[in-house]
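Q: got a sequence here, can you model it:
(one chain, ligands or ions: 1)
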Amino acid sequence: KILVTGATGQIGVELTQVLRDKYGAENVIAAGYNNRLASELTQADPYCRLDVRDASALNKIVAGYQCDTIYHLASLLSAVAETKPIEAWDINVNGLLNVLETARTHGCAVFFPSSIGAFGPETPAFDTPQDTIQRPNSLYGITKVAGELLCDYYFHRYGVDTCGLRYPGLISHKTLPGGGTTDYAVDIFYAAVKYRHYDCFLRADTQLDMMYMPDAVAAAITLMEADSATLKHRNAFNVTAMSFTPGQLAAEIQKHLPDFTISYSIDPVRQAIADSWPRHMDDSAARAEWGWKPIYDLPATVQDMLKQITINGQKTKEAAY
Ligand code: VAH
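A: Residues are numbered from 1 along each chain as shown. Below is the predicted model:
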């Protein structure tokens with residue numbers, strides 16, 4: 001059985017669904033910090049409340065369901081982590097440590113999502129190498145570097161099968177993201193459909209790597225199913241699908257909604273975080289070692305996001321954070 005922590009978050013909701021379609025709903029346990037409405041829960045949708053800081057609760061779930069795989073997505077994202085750094089360290093690092101200890105005890109494989117946030121201002125900003133300097137200056141980034149190192153440690157020291165991805169900004173329409181620096185690339189679509197205008201919190205020329213959620217979910221599952229013998233790296237692989245600025249995203253949206261306009265009210269905290277991150281990563285190691293290949297580029301992402309939000313926008317769930 002598979003446990004997904006952070007299952008009500010931006011990645012968790014879609015990853016849980018794809019895993020259930022693939023392995024059967026009864027084999028995928030969704031665990032989230034917040035309570036889900038009873039009406040949402042069905043027999044075929046096992047869900048349990050979990051605060052990953054509670055090691056015994058985590059252990060009980062893994063032992064009780066006899067899980068052999070943990071996709072550990074529970075985390076505070078970059079912008080919200082700056083507002084509560086101690087809590088973010090506790091959730092992001094001690095929570096991960098609880099997962100790794102539980103995995104060591106019960107023989108589980110672990111997926112860990114790292115991020116472009118694991119890089120800092122001294123990291124080469126273009127074609128960021130798989131192996132390079134990592135001195136992030138956001139608390140979130142520091143927890144992601146610590147997480148990568150902890151996961152590698154548990155692999156080398158205890159043989160725990162850990163692997164992970166350094167995700168770029170993720171774009172999706174099933175949940176609203178919570179507290180990220182790249183959230184503008186999601187919010188803009190809702191604003192475009194509803195109001196034909198978006199006031200962006202990052203500068204027009206802020207180039208960042210991005211990926212559409214179907215590619216992000218597929219990458220995690222493909223990596224977890226890869227033959228360990230082919231992996232030279234584990235925690236964590238650079239993966240990206242596109243790299244654009246708010247200006248370029250707005251121009252692509254305007255191809256569908258010609259009357260869409262964008263303005264800019266810069267949030268200094270999130271601008272500083274974005275400026276410390278790379279512009280475009282080299283993901284050749286992921287392509288070579290386990291066949292990473294994204295499907296969605298910027299035009300395909302914009303087309304699908306606008307279509308999905310126009311149809312289902314009102315059903316979008318609030319992400320928990
Ligand atoms: C954030 N969406 O903005 C997350 C992610 C690369 C960005 O880590 O914090």
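Q: for the residue of the stretch 151-300 of the chain found nearest the ligand, give me its contacts.
A: Closest to the ligand within the stretch 151-300 of the chain is Gly180: 2.7 Å, counting by CB to the nearest ligand atom. Bear in mind the C-beta positions are built from the backbone N, C-alpha and C, glycine included. Contacts for Gly180 (CB atoms under 8 Å, 6 or more residues apart in numbering) come out as 10, 77-80, 169.
Q: mind checking which of those land in strands?
A: Judged by DSSP state E, the subset of those located in strands is Gly169.
Q: quick check: closest non-adjacent residue to the residue nearest the centre of the chain.
A: The residue lying closest to the centre of the chain (CA atoms, centre = their mean) is Ile11, at 5.3 Å. For Ile11, ignoring the flanking residues on the chain, the nearest one in space by CB to CB, 6 or more residues apart in numbering is Leu73 at 5.2 Å.
Q: low-confidence stretches in the protein?
A: Counting by pLDDT under 70, the ranges of the chain that qualify are 36-44, 313-321.
Q: show me where it has helices.
A: Using DSSP state H, the helices of the chain run over 10-23, 55-65, 78-83, 85-89, 95-106, 139-158, 184-195, 213-225, 246-254, 268-276, 284-290, 298-312.
Q: and the shortest one, what does it pack onto?
A: With contacts defined as 3 or more CB pairs under 8 Å, 6 or more residues apart in numbering; DSSP states H and E, helix 85-89 has these neighbours: helix 139-158.
Q: ok, and for the helix it packs on, which residues are buried?
A: For helix 139-158, burial by neighbour count (16 or more other CB atoms under 10 Å) applies to 139-148, 150-152, 154-155.
Q: and the ligand, which of these reach it?
A: Counting by CB under 6 Å from any ligand atom, Tyr140 from these sit close to the ligand.
Q: show me which of the buried residues of helix 139-158 is closest to Tyr65.
A: Comparing the buried residues of helix 139-158 against Tyr65 with CB to CB places Tyr154 closest, at 21.0 Å.
Q: which ones among the contacts of Gly180 come in contact with the ligand?
A: Within the set of the contacts of Gly180, contact with the ligand (CB under 6 Å from any ligand atom) is found for 77-78, 169.
Q: can you put these in TSV and add distance to Met211?
A: Output for the ones next to the ligand among the contacts of Gly180, formatted as TSV (distance: CB to CB, whole Å):
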residue	distance to Met211
Leu77	15
Ser78	16
Gly169	7
